[in-house]
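# Requesting a structural model of the entry that follows:
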Amino acid sequence: MAGLIQRERLVPGSRLARKFNKSLWPDIVNRGTPFDAAPPNRFQDRELLAGIRLPLPYPNPTTGVNDIQMWVLFDPALPATFPSQLVRVVQGEIVHSRTSGHSGSHTIHWHGIEPTPANDGVGHDSFEVGQYTYQWHASEPGFYFYHCHKNTVLHFEMGLYGALIIDPPKPPGAPGADPNPPYPLGGPGYVSANTPGLPGFDNATKTLRYDVERAWVCDSMDSRWHELGVNESMFTHGADPNIPNGQVGSGWTSTGILNDFRPDIFVITGVPIPAGANGQPDGNIPITPAAFPLNPDLAASAGVVSATVPRGQTVLLHVLNADYLIQEYTLGIDALVIGADGRNFGTTAHTQYAQPFTIPANRPFRLTSARRWSMIVRPTTAGVIPFKCDFLNWITQAREGTARTQITVI
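Model (predicted):
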């Protein structure tokens, strides 16, 4: 299906008009069809962009102030947050996302969704400053994310991304008290999974009931990129004051070369880790960091990024590498990996050759940029289950920083 472009925004002769006239039928674009035959099941607004200041528990290494500038996509009916607000829909729905730009041209790429080319947001010019309505089909349940794909290196670093979850339908015979999809982040709910033998598994629908859910979105930031007179293009700024004149990289901001990435701030789901001993970025996420304006969806009100669960409950964990570094994770309990990159193993005909597998407790595993895993854990003894994310340099493998959180079992 062709994407809908508001007629008043498609100016004849404009770059946008030329772009789409090459690849779509102009009469279809101008009439707004075939949307009349396929009305959306789910409609949402996302605007680009809002600038916010994310509070830090220590001085920003570049400015000396306890916050950092972020850019986010936002729903105009909700407060702007980092990460950008969660998109959560139900398998089988037709989704329309109306997107408005406020500062130059932007796109939204629905990472892993595989929509039509006009709705994929990869062309780097999906719309100009006006509005564009993306349409896509939520065909396969899983953990995805969305992000701006214009000047991607800078805009992704600045925070123009958010999580995207496609939920399976509630299985027949599920308890009436259980919520209907889209399920609230934090649980309970149902996830597409091929997990025979686990309590709450429905073989007919290949779904598993979970009690608690957490999304751990790990990211690192170079504060210079965020603070040195940054704008959408990064072409009009002075040299980096940390590099003496004449050395390689001394004029990186004046030429727009974004190849010098030295992260000094580390977060899990928008919560910065405290500074460790001697300034080493190695710390635990506080259990209740009430001073931070957290994303009400991704942060989940009970325990923020950490979780407290009774013994025997089923916990669904999502992990996303929203970073340019390699991330190495260590979890202190056996974890059953049920899906990767939005494809849950063994649940459909084209995933029949992949099955869930177990990562033993305390065995590190790594994800590179934009990769996601979904995992199930079922703690049976009381105590603290630690989670650690080491941020590794992609060339030297040296550790740049560490962020920690935990699951407390009662």
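# hey, let's count contacts and neighbours off CA atoms from now on
OK.
# The lengthiest strand in the chain pairs with which strands?
Ranked by residue count and defined by DSSP state E, the top strand of the chain is strand 42-55. According to DSSP bridges, strand 42-55 forms sheet pairs with strand 67-74 (antiparallel), strand 94-101 (parallel).
# Adding distance to Glu213, mean pLDDT and mean neighbour count, write those strands out as TSV.
Putting these into TSV (distance: least, CA to CA, whole Å; pLDDT from 0 to 100; neighbours: other CA atoms under 10 Å) gives the following:
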stretch	distance to Glu213	mean pLDDT	mean neighbour count
strand 67-74	23	91	23
strand 94-101	24	85	20
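# Redo those as JSON lines? Include distance to Asn194.
Formatted as JSON lines, the strands paired with strand 42-55 follow (distance: least, CA to CA, whole Å):
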{"stretch": "strand 67-74", "distance to Asn194": "34"}
{"stretch": "strand 94-101", "distance to Asn194": "25"}
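# And those strands: which comes nearest Thr269?
Nearest to Thr269, of all these, is strand 67-74, at 13.5 Å by CA to CA.
# After the closest one, which helix or strand is next?
Later in the chain than strand 67-74, the nearest helix or strand by DSSP states H and E is strand 84-90.
# which other helices and strands contact that following strand?
Counting contacts by 3 or more CA pairs under 8 Å, 6 or more residues apart in numbering; DSSP states H and E, strand 84-90 packs against strand 67-74, strand 161-167.
# Mind listing the strands that strand pairs with, and their directions?
Within its sheet, strand 84-90 is paired with strand 161-167 (parallel), according to DSSP bridges.
# Who are the contact partners of Val95?
Applying CA atoms under 8 Å, 6 or more residues apart in numbering to Val95 gives the contacts Pro40, Asn41, Arg42, Phe43, Val89, Tyr134, Gln135, Trp136, His137, Ala138.
# what's around the closest residue to it other than its chain neighbours, how many residues?
Distance criterion CA to CA, 6 or more residues apart in numbering; nearest residue to Val95, sequence neighbours excluded, is Arg42 at 4.9 Å. For Arg42, the neighbour count with other CA atoms under 10 Å is 13.
# Tell me, what's the model's pLDDT at Arg42?
Per-residue confidence (pLDDT) for Arg42: 86.
# rewinding a little: wait, which of the strands paired with strand 42-55 is closest to Cys148?
Comparison of those against Cys148 by CA to CA identifies strand 67-74 as nearest, at 8.5 Å.
# So which of the strands paired with strand 42-55 is nearest Glu157?
Counting by CA to CA, Glu157 lies closest to strand 67-74 out of the strands paired with strand 42-55; the figure is 8.8 Å.
# Ile268: neighbour count?
Neighbour tally, Ile268, other CA under 10 Å: 25.
# Quick check: phi and psi at the residue lying closest to it once chain neighbours are set aside.
Closest residue to Ile268 apart from its sequence neighbours, by CA to CA, 6+ apart: Cys218 at 4.6 Å. The phi and psi values for Cys218, taken as degrees, to the nearest 10, are phi -100, psi 130.
# residues contacting Cys218?
Per CA under 8 Å, 6+ apart, neighbours of Cys218: Phe266, Val267, Ile268, Thr269, Val319, Leu320, Asn321, Ala322, Asp323, Cys389.
# these two touch, right, Pro61 and Asp264?
Yes: the pair Pro61 / Asp264 is scored as a contact, 7.3 Å apart, by CA atoms under 8 Å.
# Comparing these two, which residue is more hemmed in?
Per other CA under 10 Å, whichever of Pro61 and Asp264 has more neighbours is Asp264, with 19 against 15.
# Is it correct that the residue nearest to Val95 is in contact with Val87?
No: Arg42 is beyond contact range of Val87, at 10.4 Å (criterion: CA under 8 Å).
# ok, and the most crowded of the contacts of Cys218?
Ala322 (29 neighbours).
# What distance do you get for that one to Pro83?
Relative to Pro83, Ala322 is positioned 10 Å away (CA to CA, to the nearest Å).
# just to revisit the earlier point, buried set for the longest strand of the chain?
Arg46, Glu47, Leu48, Leu49, Ala50, Leu54, Pro55 (16 or more other CA atoms under 10 Å).
# how about it as CSV, C-alpha atoms only?
The C-alpha coordinates for strand 42-55 follow below in CSV (Å, rounded to 0.1, in the frame of the first residue of the first chain):
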residue,chain,number,x,y,z
ARG,A,42,-4.3,1.9,15.6
PHE,A,43,-3.5,5.6,15.1
GLN,A,44,-0.8,7.6,16.8
ASP,A,45,1.1,10.9,16.5
ARG,A,46,4.8,11.4,16.7
GLU,A,47,6.5,14.8,16.2
LEU,A,48,10.1,15.6,15.5
LEU,A,49,11.6,16.9,17.5
ALA,A,50,11.6,18.2,21.1
GLY,A,51,14.7,19.2,23.0
ILE,A,52,14.8,18.2,26.6
ARG,A,53,17.5,18.3,29.3
LEU,A,54,18.1,14.9,30.9
PRO,A,55,19.1,15.3,34.6
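# Mind splitting the chain into its structural domains?
Per the record, the chain has its domains at 7-167, 209-224+261-409, by automatic domain parsing.
# show me where the stretch 301-410 of the chain has helices.
Counting by DSSP state H, counting those that start in this stretch, one finds no helices in the stretch 301-410 of the chain.
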